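*Asks:* only geometry, no sequence info:
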């Protein structure tokens, strides 16, 4: 049995769908962010749901699946580009069971299911990361890169290193569920 990961009950808000969000995370434009449930957003993480296309009403800017972990100090912001003289942001979508390590900056367009992104990574604008891929710690992925399913990328700039085993999906799913289960409030006396 793995050891619990304790957090101060006063520091995290738990939603009715089991999301655990640090009060010391910055969630800008929360009406434009969808959390799938059982997602942990750690201390110091910044999620920029306020960066959206111009126009009336709500627009989903960032959507996260279930059992995601946004690590301490991560920055997630939607990718942007200027097209025909118009500057616009584009939505970012994460699948289920995505873990993003501490202090990584993510501007991807799409991140699939069962993806692990290490610590101190930079995921460039409009990157597409397919299912069951892994990005090693300290990797810099250039903009518009497509990371194939079941592949490991590392380095600066990030390059293909090797194929990951077919069991990656089960391993990552078990790891993300275990992390969520062990992430428990510490009851102060």
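*Replies:* Yes, it's here. Being a predicted model, the structure only gives us computed values, none of them experimental.
*Asks:* Residue 13 - nearest residue in space that isn't next to it in sequence?
*Replies:* Leaving aside its sequence neighbours, residue 13 sits nearest to residue 21 (CB to CB, 6 or more residues apart in numbering; 5.1 Å). For glycine as for every other residue, the C-beta is placed from the backbone atoms N, C-alpha and C.
*Asks:* can you give me the helices in this protein?
*Replies:* 168-182 (DSSP state H).
*Asks:* sorry, back to before: contacts only, for the residue nearest to residue 13.
*Replies:* Shown in contact with residue 21 (CB atoms under 8 Å, 6 or more residues apart in numbering): 12-15, 27, 35, 40-41.
*Asks:* can you check residue 119 too?
*Replies:* Contacts of residue 119 by CB under 8 Å, 6+ apart are 71, 101-104, 137-138.
*Asks:* which parts of stretch 29-46 are buried?
*Replies:* Residues 29, 32-33, 35-46 are the ones in stretch 29-46 that count as buried (16 or more other CB atoms under 10 Å).
*Asks:* now, which of those sits nearest residue 128?
*Replies:* residue 36 (19.1 Å; CB to CB).
*Asks:* contacting residues for the closest one?
*Replies:* With CB under 8 Å, 6+ apart, residue 36 has these contacts: 17, 63-66, 68, 96.
*Asks:* do residue 112 as well
*Replies:* Contacts of residue 112 by CB under 8 Å, 6+ apart are 95, 129-133, 149.
*Asks:* Tally up the residues packed near residue 174, please.
*Replies:* Applying other CB atoms under 10 Å, we find 12 other residues in the vicinity of residue 174.
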